[in-house]
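Participant: got a predicted structure here, sequence first:
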Amino acid sequence: MSYITGKIIRELREGKNLTQKQLGEIICVSDKTISKWETEKGLPDITLLEPLSSALGVSVAELLSGESITNKNRAGNIKRGKFYVCPVCGNIVFSLGEGSFSCCGINLPALCPEKAEEGSYEIERPENDYFIKFNHPMTKEHYISFAAFITYDGVTIKKLYPEQEAAVRFPNIGRGKIIFCCNRDGLFEFSL
């Protein structure tokens, strides 16, 4: 892994029209410290990388590599979205594409849904809604943690909790797919 260079710090600082003193004030170090970094007589402590990158208007990855990262994906496709779930606290992240996410000190992998088995769910359509009942345990050890309804233009997520009914209700706003997450077995999906 490469580490930041003085040349990169100077170029980014000058690109933001900041003096060494101004940059130092932003990240709570002296202008002499900034000068040492830029002349490569010292390097920033790792604890200063995040405040330094923020002050310079770049990500930590850009600061370390010295290269600007441009997002070329201007039109994400919701149906190709990815779910990331923290196994410690249960946080759910939905991204329109692959990403790099962490929670509770853990790098989260994208979860890939498997096709739900016939009989693992029942669908009713009361009052122009979808009422979905999952044939799944809801104990403290084994439960469905969330269900999501994904259509061409949106995602609706319903959180479920152990010892509650294994059911969700979504407004019938068109065709799409249902994805649900078992805390033990991962993601499953089926189409509506």
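Facilitator: Ah, there it is. Small disclaimer: the values here were computed from a predicted structure and weren't measured.

Participant: how about the lowest-mean-pLDDT helix or strand in the chain, which residues are buried there?
Facilitator: The weakest-scoring helix or strand in the chain, judged by mean pLDDT, DSSP states H and E, is helix 60-65 (a mean of 81). Applying a neighbour-count criterion of 16 or more other CB atoms under 10 Å, one finds 62-64 buried in helix 60-65. The C-beta positions use only the backbone N, C-alpha and C, and glycine is treated the same way.

Participant: and if you look at stretch 159-174?
Facilitator: By 16+ other CB under 10 Å, the buried positions in stretch 159-174 come out as 160, 166-168, 170.

Participant: and the buried residues of helix 60-65 as TSV, adding distance to residue 116?
Facilitator: Below are the buried residues of helix 60-65 laid out as TSV (distance: CB to CB, whole Å):
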residue	distance to residue 116
62	41
63	44
64	42
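
Participant: state which strand of this structure is the longest.
Facilitator: Determined from DSSP state E, the single longest strand within the chain is strand 144-151.

Participant: mind checking how far residue 64 is from residue 55?
Facilitator: Separation of residue 64 from residue 55 (CB to CB, to the nearest Å): 15 Å.

Participant: I should have written residue 187 there, sorry.
Facilitator: Residue 187 sits at a distance of 39 Å from residue 55 (criterion: CB to CB).

Participant: one more: residue 108?
Facilitator: The span separating residue 108 from residue 55 equals 28 Å under the rule CB to CB.
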